[in-house]
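Peer 1: mind folding the following:
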Amino acid sequence: MPDSRDRVFLRSNTIIEPLVDRFYAWMHIVAPAQASMNLANVQVPLLESYLQSPQVHISASGNPALRGGYFVNVEESRAAEVGELLDTIKRERADMLAFAAAVAEVDELLRQNATGFDLTPLYPKLPAALNGLVELAYDTSNQASAHLIEPLLYHSNAFDRRRQSVQLSLDDGVERPFILSTPRLPSPDVLELEIPFDHPGLDELMRARVEGTTAAHLHEALGLDGAQAAQLDRLLVPEPSLAPDRHIDSGGRIRYFGHACLVLQSPEAAVVVDPFISTDNRHGDRYTLDDLPDHIDLALITHGHQDHIVLETLLQLRARTDAVVVPRSSRGNLCDPSIGLYLKSMGFTVIEVDDFDEVPLPGGARVVATPFLGEHSDLDIRSKSTYFVQLAGLSAFIGADSSGIDPVLYRYIRSHLGGVDKAFLGMECDGAPLTWLYQGLLTRPVTKKMSDSRKLSGSNAEQAAAIMTELGAGEAYVYAMGEESWQGHVMATTYTPDTYQIQQIEEFLTWCKAQNVSAEHLFNKREWRW
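Peer 2: Numbering: from 1, shown residues only. So this is what the prediction gives:
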């Protein structure tokens, strides 16, 4: 350990933003096939549109009614930098753009030629960008598709760690702008690190939140030059800001960290679910990274949406987490990238689970993966899981955004695993349409009417009540649905008391009261002890 006089700690309000070609990183712009499709079909057209009419984008970005829309929020004086970024992407990501074009070409090849007969003659017609990376196959209704050999994609020209970088800055409490559509350009008050996400120096920096180190060690670990070292030193302080009650000595505890993030603890074990954690607590109304236990046994990921697998938070937990538990994908399906491969490419230790697989925890606790229904716009996505957690004598159902569209499922869960003490449910019951998140992966256009009919929706009041009835749970807790102010950069949602989702939550809470079920609509922070 360094001399205590030289030891420094990372400031608690340090923001770490992972970027890919300067866009905020989430799974669909990191995983090779999905990144290629989004680059070609969303990001490049978006930048081209901005350069044609910067003021249209800037005006739309400032319009509350268009919050969460795909507009580039960069002042016109920096349009030349956006142009340079676009030129760089077209020049240096040509292989990825070719891959995306090849996916569309194969889709058309199958549409025209796969009529139920032998697919072997089509292999010589595959575009070069996909040779050795796909298998053609029918399903039992003779619908043909190309299955990606996804592990190989991480060793192909569709994946390049040189796209990755990290920006470090201080959280000033001002809500960050929507991040899915605007590239992060350099700024004088931001430290730019041109390093990949699996760089060991990032773990050294994250450990400095808890253990402390020296500035010189961090400078060397991250390979900083003099100017970068001076910027990093602004993010370092001589004392840690860790919460004194971040551990417990007896019993059990669950803490709600906002959105769908829960931390479940016993003296022997700690589990964090869908980590999405604020870095700013100047108002004392939320938990932050300072409130996490120093060591985390498991991080549980329920599904691949950008508000549930938040790379910005996960990178800060990698050095203190034994393993990340993720649902297994369907293998090779374009709309269902492997969460496991994605995280392994960044140096995480991963445990992949199927429905009803069990992962033990110290102290006799356990996590069981359980099925997740709906919420993915009716796409064939299998990499989604709810969880049943037993810890310190209590059982909790972690429902994420799973829907009650077929409540009999939850009857099966109860018969298989037993009753539930606390159930945590998502009720974003009028979610975004299909194209808001999946436009880049579609090889055929869909009508607006079709897209709007296929929502990213969790349970409404009736469905949530059915889940509770079938689980036999005594307590129900509804997640905040992007209502917390510090999540606007990812969620871009706005609610009023008259909003349909809020009305449905109130209806569900009224039902719970009539059934003598303890229920609550969560917001910002909450703690349960037993």
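
Peer 1: any idea how many residues pack against Asp336?
Peer 2: Neighbours of Asp336 under the rule other Cβ atoms under 10 Å: 23. Using the backbone N, CA and C atoms, a C-beta is placed for each residue, glycine as well.

Peer 1: how close does it get to Gly304?
Peer 2: Note on Asp336: its distance to Gly304, by Cβ to Cβ, to the nearest Å, is 8 Å.

Peer 1: any shared contact partners between the two?
Peer 2: 381, 383 (Cβ atoms under 8 Å, 6 or more residues apart in numbering).

Peer 1: and the lowest mean pLDDT element among the helices and strands of the chain?
Peer 2: Within the chain, no helix or strand scores below helix 488-491, which has a mean of 88 by mean pLDDT, DSSP states H and E.

Peer 1: quick one: name whatever helix or strand follows that one.
Peer 2: Counting by DSSP states H and E, the next helix or strand C-terminal to helix 488-491 is helix 500-514.

Peer 1: list the buried ones in that following helix?
Peer 2: The neighbour-count check on helix 500-514 (16 or more other Cβ atoms under 10 Å) flags 501-502, 504-505, 507-509, 511-512 as buried.

Peer 1: now the two most distant members of these.
Peer 2: The span of the buried residues of helix 500-514, defined through Cβ to Cβ, is set by Gln501 and Cys512 at 16.7 Å.

Peer 1: how many neighbouring residues does Ala269 have?
Peer 2: Here the number of neighbours of Ala269 (other Cβ under 10 Å) works out to 24.

Peer 1: dump the residue contacts of it.
Peer 2: Contact partners of Ala269, counting by Cβ under 8 Å, 6+ apart, are 297, 361-363, 365, 391.

Peer 1: on that earlier part again, mind putting the buried residues of helix 500-514 into TSV with distance to Lys525 and pLDDT?
Peer 2: Formatted as TSV, the buried residues of helix 500-514 follow (distance: Cβ to Cβ, whole Å; pLDDT from 0 to 100):
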residue	distance to Lys525	pLDDT
Gln501	21	96
Ile502	19	96
Gln504	23	98
Ile505	18	98
Glu507	25	98
Phe508	21	98
Leu509	19	98
Trp511	25	98
Cys512	21	98
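
Peer 1: so which of those is the closest to Leu425?
Peer 2: When the buried residues of helix 500-514 are compared against Leu425 (criterion: Cβ to Cβ), the nearest one is Phe508, at 8.4 Å.

Peer 1: does that closest one touch Ile467 like I think?
Peer 2: No. In this structure, Phe508 is not within contact of Ile467 by Cβ atoms under 8 Å, at 9.9 Å.

Peer 1: neighbours of Ile413, just the number please.
Peer 2: Using other Cβ under 10 Å, Ile413 has 22 neighbouring residues.

Peer 1: circling back: export the contacts of Ala269 to a markdown table and tack on secondary structure?
Peer 2: Converted to a markdown table, those look like this (DSSP: H, G, I helix; E, B strand; the rest coil):
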| residue | secondary structure |
| --- | --- |
| Asp297 | strand |
| Leu361 | coil |
| Pro362 | helix |
| Gly363 | helix |
| Ala365 | coil |
| Leu391 | strand |
